[in-house]
Structures are given as structure tokens and as C-alpha cells.
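Below: sequence and its predicted model.
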Amino acid sequence: MRQYTYGPFGSRRLGLSLGVDILPRHKLCTFNCVYCEIGPTYQVVSPEYRIKAPPSLNFRKELKDILKYVPHLASITLGYNGEPTLNDCLLEFYNIALDVRSELKWDKYPPLITLFTNSSTLYLQEIRERVKHFDLVLAKFDSATDKDLRNTNRPHKDCPDIMAIADSLVKLREDMPNKKLAIQSLISKSYRDDFSSNDNNENIEQLAHLIKKINPNIVQLYSIARIPSEYFVYAIDEKRKKEIVKIFREIINNELIEINYY
């Protein structure tokens with residue numbers, strides 16, 4: 001029975017990816033996003049909440065036992081069941097993954113060591129110091145107004161506001177010049193008249209302006225692909241994704257930033 005890993009599986013944005021979960025088996029997060037595809041967050045915590053859950057001796061063996069069969073793997077991806085930066089032992093997992101990667105043979109290129117984060121903890125320098133080591137950081141940023149943050153991501157009361165999150169992403173980008181930062185924006189619609197989804201003009205335009213300020217390597221626009229946490233939200237269609245990408249490209253106006261939709 002596996003303790004830490006799941007997959008490998010085909011990821012829309014990463015290719016063939018091996019997931020690594022470094023949190024307890026129950027979901028632990030600073031957000032309770034309406035669209036979350038792994039269900040509600042019953043334990044919504046402050047971004048300064050910490051657990052200390054170091055990798056067991058089994059982690060290295062588990063990685064090796066799986067990775068030797070997938071020499072074409074594209075990513076070893078940390079982060080699934082909540083916000084992985086809440087674990088103070090994040091870099092211990094990273095270092096073991098780095099060691100195992102160096103010991104194995106790969107078809108073309110070794111897989112990236114990737115981190116998913118919802119960006120809520122990045123205002124803390126100690127967290128950015130850990131995160132900057134990863135080859136690729138996938139940072140959630142799909143609410144660009146405080147109203148949309150409250151409605152869509154439903155953060156813990158101690159989470160920073162939107163401008164503080166954006167500023168922390170600017171700092172992270174500066175801290176990792178030789179690594180890659182991808183901004184992930186999940187946009188959804190709602191069946192409920194009394195719920196304002198993040199697919200509104202103010203949010204989309206403000207997102208574009210803040211992404212321009214952050215200056216990431218990559219922007220990944222996507223929508224709901226599995227059953228969301230709340231019944232009243234649903235995916236935007238292909239036409240709307242293209243419209244949003246067009247708005248992003250016009251406002252960001254930087255050919256060095258790769259903008260894709262999924």
C-alpha cells in the first residue's frame with residue numbers, strides 16, 4: 001500500500017505526472033474553494049498554521065519503486081490534499097525527490113520537481129525560501145478582487161488580501177530567476193443568481209493586470225473537469241476560455257509569457 005504517491009497519471013498541464021501528497025489523509029487547507037475537485041475543506045486553517053510531518057523511511061523506497069518503471073515521466077508533483085506549504089518538512093520531501101531523480105536513468109530529460117500551491121502562504125519569507133527550490137511552481141491565482149477571493153476561494157480569516165498575495169508572487173518570481181513560475185487561474189460559472197462567480201469582467205481584467213505585474217513564465221487558464229465541491233458552480237466552455245485568453249494577451253502584452261488554456 002502506498003503512503004505518499006498516486007499515479008502516474010496524465011495531467012492536462014504537466015503531462016505524465018506522479019503525485020506526492022505530503023499532508024495528513026484529511027484535507028488541510030487555507031481555502032475552501034467552491035470548485036475544489038477533491039471536496040470541501042472541513043479544516044480551514046490560517047496560513048501560519050503548521051504541521052511537522054517529515055517523510056518516513058518509506059518515502060524514498062516508494063519513489064524509487066515507482067519511478068524506475070516510468071523513465072518518460074514529466075513531473076514529480078507535490079501537492080494534492082490541501083496546501084502543501086503548511087508542512088514544515090516540505091524541503092525534506094523535495095531533497096529526497098531530488099536524490100532519487102539523480103540516481104535513476106531517464107529517456108530524454110529528468111522529470112521536473114513541481115509544487116502546487118494556492119499562494120496564500122507566500123507572503124511569508126520562510127515559505128518563499130522553501131518554494132523557490134522547485135523546478136516549477138504552479139501557483140493558484142484565480143481571484144483578483146477581494147470580493148471574488150471571498151466568494152470563490154473562501155479563505156481563512158487570517159489569509160492575506162489580494163494585493164498582498166499578488167505582491168508575494170512578484171517576490172517569488174524574483175527569488176527564482178532560473179526556475180519557472182506558472183500562474184493557474186481556474187474560472188467557473190454559477191447556476192445561482194445570488195452567487196457571483198469569478199467569471200466576471202472586473203475579475204478577469206484585474207487578473208490580467210496583476211499577472212502582468214507578477215510576470216510569470218506561464219499562465220494556465222482552465223476550468224472544472226471533475227465534480228466540484230459545490231453543486232452550483234460549473235465549467236466555462238471553450239469559447240469563453242478563448243475570450244479570456246484574448247483579454248489576457250491584450251492586457252499582459254508580453255510575448256515572453258506563455259499563455260495556454262485547457
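Arrived safely.

Just give the number of residues close to Phe141.
For Phe141, the neighbour count with other CB atoms under 10 Å is 23. Any C-beta I mention is one placed from the backbone N, CA and C, and that applies to glycine too.

which residue ranges form the strands in this structure?
5-11, 15-20, 75-78, 112-117, 136-140, 180-186, 188-190, 218-222, 233-235, 258-261 (DSSP state E).

if we compare those, which one ends up closest to Leu104?
Leu104 lies closest to strand 75-78 among the strands of the chain, at 11.0 Å (CB to CB).

What lies in contact with the closest one?
Residues from elsewhere that reach strand 75-78, judged by CB atoms under 8 Å, 6 or more residues apart in numbering: 11, 14-20, 22, 63, 67, 84, 90, 93-94, 97, 101, 111-116, 134, 136.

Ile165 reaches Ser120, doesn't it?
Yes: Ile165 lies in contact with Ser120 (CB atoms under 8 Å); the separation is 6.7 Å.

hmm, back to that, need the strands of the chain in a markdown table (columns: distance to His26).
Below are those laid out as a markdown table (distance: least, CB to CB, whole Å):
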| stretch | distance to His26 |
| --- | --- |
| strand 5-11 | 16 |
| strand 15-20 | 17 |
| strand 75-78 | 18 |
| strand 112-117 | 18 |
| strand 136-140 | 20 |
| strand 180-186 | 23 |
| strand 188-190 | 25 |
| strand 218-222 | 26 |
| strand 233-235 | 23 |
| strand 258-261 | 32 |
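
Tell me which of those is the most buried.
Greatest average neighbour count among these goes to strand 75-78 (a mean of 27), per mean count of other CB atoms under 10 Å.

State the distance from Gln220 to Phe141.
Distance of Gln220 to Phe141, given as CB to CB, to the nearest Å: 10 Å.
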